[in-house]
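Visitor: Sequence and predicted structure, then a few things I'm wondering about:
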Amino acid sequence: MPMTVYQAEWCPFSRRLRQRLTELGVEWLAVPVEAEPPDRDAMREATGTDIIPVVVLGDGTVLGGDTEDIIAELDERIPEPATAEGHKLAAAMH
């Protein structure tokens, strides 16, 4: 089962997480959230937080908080594939 990422396209922290997930080559499902945290009832019920981004792994583990902490946890769990470097170079060019 792919991981679920509660995020917003306009959020720079969500963008950073999406980039890392692309580099890691993992399958994930994006769930867009409301712009205002008080309006994020469904996300809060599913994850216990209204701060984005937040990741729910296939086993139900919730990774939230600081985006760099989420990425560090993903990096511990998921080995970086050989294709990651190409994604990093492409991102740097944009």
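Guide: Yep, that arrived. None of the values given here were measured: they were computed from a predicted structure.
Visitor: is it true that Ile52 touches Val33?
Guide: Yes - with contact defined as CB atoms under 8 Å, Ile52 and Val33 form a contacting pair (5.7 Å). Just so you know, the C-beta spots here come from the backbone N, C-alpha and C atoms, and that holds for glycine as well.
Visitor: Between these two, which contacts overlap?
Guide: Applying CB atoms under 8 Å, 6 or more residues apart in numbering, one finds that Ile52 and Val33 are jointly contacted by 6-8, 43.
Visitor: Restricted to strands, list those residues.
Guide: Among these, the residues falling in strands (DSSP state E) are 6-7.
Visitor: Of the shared contacts of Ile52 and Val33, which count as buried by neighbour count?
Guide: Neighbour-count burial (16 or more other CB atoms under 10 Å) applied to those gives 6-8, 43.
Visitor: In TSV: these, plus distance to Leu21.
Guide: Formatted as TSV, the buried ones among the shared contacts of Ile52 and Val33 follow (distance: CB to CB, whole Å):
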residue	distance to Leu21
Tyr6	13
Gln7	10
Ala8	15
Met43	18
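Visitor: what's the neighbour count on Asp69?
Guide: Using other CB atoms under 10 Å, the number of residues around Asp69 comes to 11.
Visitor: who's in contact with the residue nearest to it when sequence neighbours are not counted?
Guide: Once flanking residues are discounted, Asp69 sits nearest to Leu63: 7.9 Å by CB to CB, 6 or more residues apart in numbering. For Leu63, the contacting residues are 54-57, 69-70, 73-74, by CB under 8 Å, 6+ apart.
Visitor: Which members of the residues you listed are positioned in helices?
Guide: 69-70, 73-74 (DSSP state H).
Visitor: Among the residues you listed, name the buried ones.
Guide: 70, 74.
Visitor: Which two of the ones in helices among the contacts of Leu63 have the greatest separation?
Guide: Across the ones in helices among the contacts of Leu63, the longest distance by CB to CB is 9.8 Å; it joins Asp69 and Leu74.
Visitor: circling back to that earlier point, any chance of the contacts of Leu63 in JSON lines with distance to Gly48 as columns?
Guide: Below are those laid out as JSON lines (distance: CB to CB, whole Å):
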{"residue": "Val54", "distance to Gly48": "9"}
{"residue": "Val55", "distance to Gly48": "13"}
{"residue": "Val56", "distance to Gly48": "10"}
{"residue": "Leu57", "distance to Gly48": "14"}
{"residue": "Asp69", "distance to Gly48": "16"}
{"residue": "Ile70", "distance to Gly48": "14"}
{"residue": "Glu73", "distance to Gly48": "16"}
{"residue": "Leu74", "distance to Gly48": "19"}
